[in-house]
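K.L.:
next input, structure requested:
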Amino acid sequence: MVVGVTRDRVRAFVYGAPMAVRYELVWKGEDGTDRSVPVGDLLTLGRGTRNDVVLSEEEVSWEHARFWVEGEQLYLTDVGSTNGTFVDERRIRDRVEVKAGARVRFGTRFEMGVRTVEGPARVKESTWIVEDLKSGVRRPLKLTLVVGDSSDADFRIAGAARMEFVAIEDGVMLVSGGTRRALRVGEVVEAPGVQLRLLEQRRQPPQRTARPRWGEGHYHVDASLDGRSPMATITDDEGNALVVEGETRATLVYVLAEAVVASRQAGTAPDEEGWLDDLDAVTKVWGRTAPSEVSNRLSVVVYRLRAGLKSSGLSPDFVERSRGRVRIRAARVSLG
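P.N.:
Numbers count the residues shown, from 1 in each chain. Predicted coordinates for the structure are as follows:
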């Protein structure tokens, strides 16, 4: 008997509380409709099942990023992910403030937007997970989980009818359309535009994060310092290509490609292949440079190179920066 185990009872204090502006993360399902989750005091995101938002992408780290709210501001930090967190295409390393309208990318593919909505304050507890089969995103069930298109939903799906998953002593109850019934582990709940599956959360050991696969795993670089000006071309297996314009950018590609070749000749492990200290890279491109100018100079050139890559259908993360180092990830390098 489940009398009294309802949203009103479990979260009664929410009702009657003043409405307030709160932040939501929003993304698209494969059917093109919006999905969203609210950000409370703290929201963790990653591939591990203990996160508040669980992503199934292999390139997302077990513990990838954290969002939290201080006062009326939303903040985000990367927690040491392998493939990075990007706000409006800029990779972040420390805490940053995120504004409504920003685009946040985790690794190379999964992207969310940030928006503000008006709704009641959220609460932060169970061993159950609700998985959205149309996008692969999972939400832990803490007491109750409301799915639907209303502003107070814990998991918003555009156009979806309201349904509530309620944790009870020995399982999960689904409340929808004025009816309620117990759910089995693995059961799929279907409604127009919605396919949700109930899973039981089990502790899993952290798993290695997959490195990005550029196209089918192959980016090719042809670079030369011969002739009147440096030249560089970057291509992939799918026919996308970028002819690098600008002497500085082409020289940087050549320098980084040269570092890849040197690493392979030395038998360096793939995870450490091609890295150059920022100072070394800047010195090879510009000559002796004041230490205070190193980061800014390199950041500007990398930003412009990534913009060119993106506009050519290539991944901006072909150029990788981490902890004062920079490299390119290329399967084949040809130097002239």
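
K.L.:
counting neighbours, what do you get for residue 266?
P.N.:
Residues contacting residue 266 under the criterion other CB atoms under 10 Å number 8. Any C-beta I mention is one placed from the backbone N, CA and C, and that applies to glycine too.

K.L.:
scratch that, residue 42
P.N.:
A count of nearby residues for residue 42, using other CB under 10 Å, gives 11.

K.L.:
cool, and the one 4 residues further on?
P.N.:
By the measure other CB under 10 Å, the count of residues near residue 46 is 24.

K.L.:
who does it form a beta bridge with?
P.N.:
Counting by DSSP bridges, residue 46 is bridged to residue 54.

K.L.:
all helices of the stretch 1-150 of the chain, in order?
P.N.:
7-10 (DSSP state H, counting those that start in this stretch).

K.L.:
cool, the stretch 151-300 of the chain as well?
P.N.:
Secondary structure of the stretch 151-300 of the chain, counting by DSSP H, counting those that start in this stretch: helices at 247-265, 278-286, 291-311.

K.L.:
contact partners of the shortest one?
P.N.:
Right, helix 278-286. Residues from elsewhere that reach helix 278-286, judged by CB atoms under 8 Å, 6 or more residues apart in numbering: 248, 251-252, 255-256, 276, 289, 291, 293-295, 297-298, 301, 321, 324-326.

K.L.:
got a ChimeraX select line for the buried ones in the residues you listed?
P.N.:
Those of those that count as buried under 16 or more other CB atoms under 10 Å are selected in ChimeraX with:
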select :248,251,252,255,256,276,294,297,298,301,321,325,326
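
K.L.:
sketch out the low-pLDDT regions of the stretch 151-300 of the chain for me.
P.N.:
The model of the stretch 151-300 of the chain has pLDDT under 70 over residues 169, 202-218, 226-228.

K.L.:
show me where it has its strands.
P.N.:
155-157, 163-168, 171-176, 179-183, 188-191, 194-200, 219-224, 231-236, 241-243, 276-277 (DSSP state E, counting those that start in this stretch).

K.L.:
most tightly packed of those?
P.N.:
Of all the strands of the stretch 151-300 of the chain, strand 155-157 has the most neighbours on average by mean count of other CB atoms under 10 Å, namely a mean of 23.

K.L.:
which helices and strands sit right next to that strand?
P.N.:
strand 34-39, strand 128-132, strand 144-148 (3 or more CB pairs under 8 Å, 6 or more residues apart in numbering; DSSP states H and E).

K.L.:
who are the contact partners of residue 255?
P.N.:
With CB under 8 Å, 6+ apart, residue 255 has these contacts: 276, 281, 284-285.

K.L.:
which of those tops the neighbour count?
P.N.:
Within these, residue 281 tops the neighbour count with 24 neighbours, counted by other CB under 10 Å.
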